[in-house]
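Undergrad: Build the 3D model from these lines:
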Amino acid sequence: MINDTAVRIRAGMHILIPNFLSYTFYDAIFGSHWIVDKNTIQGTFEIDFDEHIICTAQMIRKTYDYTGQNWVLVYAFF
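TA: Down below sits the predicted model:
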């Protein structure tokens, strides 16, 4: 005998897991942008081959820890 409630719960989890992982994938590609501190931009008085001025600045970018997503993916595979 198959437990109908357990089958429905499992089916719902198989719908939510790909949605969660696709959101993580989208956020990793399009979500993190460079945050530039405009007070630290300085010209180096150097020019590259295309005659662009080279500048230095302090910038911040969010890094990702995929530990939780990896465990969800391992669970989904099994």
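
Undergrad: Name the single longest strand found in this protein.
TA: Criterion DSSP state E: the longest strand present in the chain is strand 42-47.

Undergrad: okay, which residue is most central for this structure?
TA: Nearest to the centroid of the C-alpha atoms of the chain, with distances taken as C-alpha atoms, centre = their mean, sits residue 28, at 1.8 Å.

Undergrad: Report pLDDT for that one.
TA: Listed pLDDT for residue 28 reads 78.

Undergrad: Show me how far the helix ranked longest in the chain is from its chain's centre.
TA: Taking DSSP state H as the assignment, the helix of the chain that covers the most residues is helix 4-26. Averaged C-alpha coordinates place helix 4-26 at 19 Å from its chain's average position (C-alpha atoms, centre = their mean, to the nearest Å).

Undergrad: hang on, the earlier thing: name every strand pairing with the next helix or strand after the longest strand of the chain and say which way it goes.
TA: Counting by DSSP states H and E, the next helix or strand C-terminal to strand 42-47 is strand 53-56. Strand 53-56 sits in its sheet next to strand 42-47 (antiparallel), going by DSSP bridges.

Undergrad: Just the CA coordinates for the partner strand, please, in PDB.
TA: Extracted in PDB, the C-alpha atoms of strand 42-47 (Å, rounded to 0.1, in the frame of the first residue of the first chain):
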ATOM      1  CA  GLN A  42      42.200  57.600  -8.000                       C
ATOM      2  CA  GLY A  43      43.800  58.100 -11.400                       C
ATOM      3  CA  THR A  44      47.200  56.300 -11.900                       C
ATOM      4  CA  PHE A  45      48.300  58.500 -14.800                       C
ATOM      5  CA  GLU A  46      48.700  55.400 -16.900                       C
ATOM      6  CA  ILE A  47      47.000  54.600 -20.300                       C
END
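
Undergrad: if you average pLDDT over that strand, what comes out?
TA: Throughout strand 42-47, pLDDT has a mean value of 86.

Undergrad: From the rest of the structure, what touches that strand?
TA: With C-beta atoms under 8 Å, 6 or more residues apart in numbering as the test, strand 42-47 has contacts from 53-57. In short, each C-beta sits where N, CA and C put it, glycine included.

Undergrad: List the buried residues of stretch 20-30.
TA: Buried positions in stretch 20-30, judged by neighbour count with 16 or more other C-beta atoms under 10 Å: residue 24.
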